[in-house]
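Undergrad: Could you work out the structure for the sequence below:
(chains A and B)
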Amino acid sequence: MQKYSVFSLIKNALSNHENWDLAWKDPTPKKEYDVVIIGGGGHGLATAYYLAKEHNITNVAIIEKGWIGGGNVGRNTTIIRSNYMYDENALFSEFGMNLWRKMSQDLNYNVMFSPRGIINLAHSDAQMNVYARRGNSMRLNGIDAVLLNREQVKEIIPMADFSENVRFPIFGGLMQPSAGTARHDAVAWGYARQADSMGVDIIQNCEVIGFDVSAGKINGVRTSRGDIKAKKIGLCVAGSTNILAEKLNMTLPIETHLLQACVSEPVKPVLDNVVTFGAGHFYISQSDKGEMVMGGDLDGYNSYAQRGNLPTLQHVLTEGIAMMPFLSKLKMLRTWGGIMDMSMDGSPIIDKTHIEGLYLNCGWCYGGFKATPASGWTFAHTIAQDRVHELNAGYSLNRFNTGHLLDEKGLGTKTWIS
Amino acid sequence: MLYIKCPHCGWRSQNEFSYGGDATVKRPELGKDISDQDWNNFVYNRKSLRGRHWELWQHLSGCRQWIKVERDTATHEIFNTLKATEEIS
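TA: Have a look, this model is predicted:
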């Protein structure tokens, strides 16, 4: 594989950039692989990459119904953070933060990781207490957290509404300075390119039709491009998890819901950080192009539509304007939606299943993008070693049976309420 | 924007309703022995498929009645609505 560097850039500039290698090949599926990963999103690509890199398993296929970067990895708001209270979530996410910090070097691909800090705004004394508790929990797990008072928040985000008679006054906020954003497409492309270079077959436009299971073991998968045999298969399909689970006669603690995001027209730099509204569900950052990148609630009912409805968007943007009134002056450039695998406790599942050789990675809710490297790393470990790593031990499927839920937000099983 | 035909009030916009989830989930009968699996299926496990889906909505800003709606989860087409007491046929 051609290494990307300033020298290769100059060399290719001399030939008008007409001789760059393809970033990844377009292979015809083989009859059999050691491991098949279903789903060529960020998590699937990262899983294949870490299977090759950490476990030396390179006879791997990723099969993807659409195209690389066309699903949620290309539809998120690019936020990366580890500001969790529970140990399982905090340690998993912080492990991921360390992978993010060296990802561009690791993948030889600029993922534009930008640790610009995230601020969760608080709008009452009670919320400040909750954030103080969460911040302390984070610090006990070695994650940076700073509790900001109103004046400190005002210094960092003066454009927020600090006027007197507002419905939700800003009391302060919890900041994780090391959190940030990354270029989401580059993450998908970087993982795909490296996985491909190590021998992984990335097979696009290949839909799973069914599975070959006998005597409690998985033997392979039936696809629109022929049958593929494999002793180990990993499901990594986010919002399509329930569709594949049905083909396996499994019913999972997952519902598929639609989440929208939007960007405004580009404006000059105004917002340095990622900021979330504490009295509702709204988050915002500014892209390098200048667009304000915004998101919030789910559409609120089961959906596979991959595009959203206006009432939710209006609701979300009303919150945004309450927090930062200048947003009302901006024109909307684009809105879009992705389908989320909402788990019943808000935390993911990375585990083996009752079918030997079948592994499950789902339930990412709102937080799939930031988990990409840690999810891939732990899922690769789970598949290669046929046992969970201590980092994903808490993300078991069985926790719904035993009661060891990881309900970080305390929302219960109404997955559409956020 | 969805338009939902409330069996009590007629056609109303989505803004008047709040969602209540899968309408086919049945609470295990009281006073009978049930397995942990039965209970888990009631509390956590959902089919949540693409296509026709019977679901509960509440006409919160209208008659406040719970209703059942059959909707396509990919196209949002609504095929049928029933009162909460009516059985899905």
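
Undergrad: Pull the contacting residues for the residue in chain B positioned nearest to chain A.
TA: Nearest residue of chain B to chain A, counting by C-beta to the nearest C-beta: residue B:44, 3.9 Å away. C-betas here are computed from N, CA, C, even on glycine. Residues near residue B:44 by C-beta atoms under 8 Å, 6 or more residues apart in numbering or on different chains: A:253, A:344, A:400, A:413.

Undergrad: ok, now with 6 Å
TA: Residue B:44 makes contacts with A:253, A:344, A:400, as judged by C-beta atoms under 6 Å, 6 or more residues apart in numbering or on different chains.

Undergrad: Return the mean pLDDT over whatever helix or strand the last one lives in, rounded to an integer.
TA: Same thing as residue A:400. If you go by DSSP states H and E, residue A:400 is part of helix A:399-402. Helix A:399-402 comes out with an average pLDDT of 94.

Undergrad: in the helix or strand residue A:218 falls within, what counts as buried?
TA: Per DSSP H and E: residue A:218 is located in strand A:217-223. Buried positions in strand A:217-223, judged by neighbour count with 16 or more other C-beta atoms under 10 Å in any protein chain shown: A:218, A:219, A:220, A:221, A:223.

Undergrad: which of the contacts of residue B:44 are close to chain B?
TA: A:253, A:344, A:400 (C-beta under 6 Å from any C-beta of the partner chain).

Undergrad: Show me what residue A:220 is bridged to.
TA: The partner list for residue A:220 in beta bridges (DSSP bridges) reads residue A:212, residue A:229.

Undergrad: Please name the residues that touch it.
TA: By C-beta under 6 Å, 6+ apart, the contact set of residue A:220 is A:212, A:227, A:228, A:229, A:230.

Undergrad: Show the pLDDT at it.
TA: In this model, residue A:220 is scored at 98, pLDDT.

Undergrad: measure it to residue A:61 for me?
TA: Noted for residue A:220: a distance of 11 Å to residue A:61, by C-beta to C-beta, to the nearest Å.

Undergrad: ditto for residue A:183
TA: Distance from residue A:183 to residue A:61, by C-beta to C-beta: 26 Å.

Undergrad: which of those two has more neighbours?
TA: A direct count of neighbours by other C-beta atoms under 10 Å in any protein chain shown for residue A:183 and residue A:61 places residue A:61 higher, at 27 against 19.

Undergrad: Now do the contacts for the more buried one.
TA: Going by C-beta under 6 Å, 6+ apart, residue A:61 touches A:33, A:36, A:201, A:203.

Undergrad: 7 Å - rerun?
TA: Taking C-beta atoms under 7 Å, 6 or more residues apart in numbering or on different chains, we find residue A:61 in contact with A:29, A:33, A:36, A:201, A:203, A:228.

Undergrad: what do you get for residue A:259?
TA: Counting by C-beta under 7 Å, 6+ apart, residue A:259 touches A:295, A:298, A:337, A:338, A:340, A:366.

Undergrad: Tell me the residues of chain B that contact chain A?
TA: By the rule C-beta under 7 Å from any C-beta of the partner chain, the part of chain B lying against chain A is B:1-2, B:14-15, B:19, B:21, B:36, B:40-41, B:43-50, B:53, B:55, B:73-74, B:76.

Undergrad: let's see it at 8 Å
TA: Contact residues, chain B versus chain A (C-beta under 8 Å from any C-beta of the partner chain): B:1-2, B:14-15, B:19, B:21-22, B:36-37, B:40-41, B:43-50, B:53, B:55, B:71, B:73-76.

Undergrad: ok, residue A:25 - how many residues close by?
TA: Residue A:25 has 12 neighbours, counted by other C-beta under 10 Å.

Undergrad: and it, backbone torsions?
TA: Dihedral angles of residue A:25 (phi, psi; degrees, to the nearest 10) stand at phi -80, psi 180.

Undergrad: The one 10 residues further on now?
TA: In terms of degrees, to the nearest 10, the main-chain angles of residue A:35 are phi -140, psi 140.

Undergrad: thinking residue B:83 is in contact with residue B:63, fair?
TA: No: counting by C-beta atoms under 8 Å, residue B:83 stays clear of residue B:63, with 10.5 Å between them.

Undergrad: Tell me who's in contact with residue 88.
TA: Unless you meant another one, I'm taking chain A. Contact analysis of residue A:88 by C-beta under 8 Å, 6+ apart lists A:347, A:393, A:394, A:395, A:406.

Undergrad: switch to chain B, that's the one I care about
TA: Contacts for residue B:88 (C-beta under 8 Å, 6+ apart) come out as B:23, B:24, B:54, B:68, B:70, B:82.

Undergrad: Perfect, I'm done here.
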